[in-house]
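1. the following block contains a protein sequence and its predicted model.
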Amino acid sequence: MNTDLWNNPDDARALLRQKAAKERELNDFLEMQQEYQNLTELYAIAPDDHDVLDAIEKLSIRLQRAKYITLFNNPADSNNAFLFIQAGAGGTEAQDWAQMLTRMYSRWAERHGFAVEIIEEHPGDTAGIKSITMRIIGERAYGWLRNEIGVHRLVRISPFNANGKRQTSFASVDVWPDVDDSIQIDINEKDLRIDTYRSSGAGGQHVNKTDSAVRITHIPTGIVVTCQNERSQFQNKDMAMKILRSRLYELEMEKRAAEEDAAKAAQKKIEWGSQIRNYVLYPYQLVKDVRTGVENTDSDAVLDGDLDAFMLSLLQRG
């Protein structure tokens, strides 16, 4: 027995997480193996059955994704993720683009069988959204999404301009891992300022009637998190603390990355004009990732959630 683990609980927790992950991967493999055998027998009996063909296609997708398990090497890759989208300058155009990105990532999550939970949303003045925080719930959600951080640029004919002019819009995406209790993040209560206020926007009977919304400021880092979509102040505080722990975890990971590789840390910096991906809808159809050069001329499919090729190219690059 490795007695050092008794003296270092963090190492022990990490070892347990690795063991649990390997057990899940083994169970997934055995399940796919059994499903493959069953479908082979069914196909031999009914090769034209639509249900059998659909099941074969779904299994093929699962097997394809299973090939990339070794690419998920970040300690938090197996976790759920918080996804934050914010419209850039440009008013309604940018806010509409932020809403399009929200739909794109929601559709991507649906393709993977992930659940999407809206934590907080600020609607646009006329259309679209100013910002939104979503929780993506599913195995390796953070691993898939962590390279989506940056500025996303849209070029199109404006639907809000009577003259039909071409418009360029920007929105930023940020991603944090949903840090579970197995990852130790120490937060001193003295370092927190907690404010309550009334929720805004559409909602149920509790909205705008009680001070249920919660804003937590982590004084040492200046990180501010808010939550207003839960039914009670207690639930909003609990979710806000969860987001804060995730933000602090990501901050620590960024510090370590900066120490190891300053260039890699600079890549994650979000600045208007330093986009990571271009979505061109006019005068031609093209979505191109600036970092890897991966392209897709079916922009409608990309905006409908077909993002895996972009994500996998970045995971393979490391």
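-> Cool, got the structure. Numbers count the residues shown, from 1 in each chain.
2. contacts for stretch 39-59?
-> 32, 35, 36 (CB atoms under 8 Å, 6 or more residues apart in numbering). To be clear about C-beta, it is placed using only N, CA and C from the backbone, and glycine gets the same treatment.
3. show me which positions of that stretch end up buried.
-> Within stretch 39-59, the residues that count as buried by 16 or more other CB atoms under 10 Å are 39, 42, 52, 55.
4. ok, the helix or strand hosting residue 132: who's next to it in the sheet?
-> Following DSSP states H and E, the helix or strand that holds residue 132 is strand 129-137. When pairing is defined by DSSP bridges, strand 129-137 lines up against strand 81-87 (antiparallel), strand 115-123 (antiparallel).
5. right, and residue 125 touches residue 94 too?
-> No - in this structure residue 125 lies outside contact range of residue 94 using CB atoms under 8 Å: 11.0 Å.
6. when those two are compared, which one has more neighbours?
-> Neighbour totals were compared for residue 125 and residue 94, and residue 94 leads with 23 against 9 (other CB atoms under 10 Å).
7. what's the angle from the longest strand anywhere in the chain to strand 81-87?
-> If you go by DSSP state E, the chain has its longest strand at strand 166-177. Here strand 166-177 points in a direction 150 degrees away from that of strand 81-87 (axes from the mean of the first three to the mean of the last three CA atoms, to 10 degrees).
8. taking the contacts of stretch 39-59 one by one, which sit in helices?
-> 32, 35, 36 (DSSP state H).
9. from these, which is closest to residue 242?
-> residue 32 (32.2 Å; CB to CB).
10. now residue 301: how far from residue 295?
-> 12 Å (CB to CB, to the nearest Å).
11. which parts of the protein are helices?
-> So, for the chain - with DSSP H - the helices run 4-7, 9-45, 50-66, 92-111, 141-145, 233-260, 262-267, 299-303, 308-317.
12. could I get the buried residue list for the fifth one?
-> Applying a neighbour-count criterion of 16+ other CB under 10 Å, the buried positions in helix 141-145 are 141, 142, 143, 144, 145.
13. pull the distance from that helix to the chain's centre.
-> Relative to its chain's centre, helix 141-145 lies at 6 Å (CA atoms, centre = their mean, to the nearest Å).
14. touching that helix from outside, list them.
-> Applying CB under 8 Å, 6+ apart, the contact partners of helix 141-145 are 71-72, 74, 76-81, 83, 105, 109, 112, 114, 136, 175-178, 311, 315.
15. pLDDT of that helix, averaged?
-> In this model, helix 141-145 has an average pLDDT of 94.
16. go on, the second one?
-> What helix 9-45 shows for mean pLDDT is 75.
17. for the last one, same thing?
-> Helix 308-317 carries an average pLDDT of 92.
18. next, the angle helix 92-111 makes with it.
-> Here helix 308-317 points in a direction 80 degrees away from that of helix 92-111 (the same axes, to 10 degrees).
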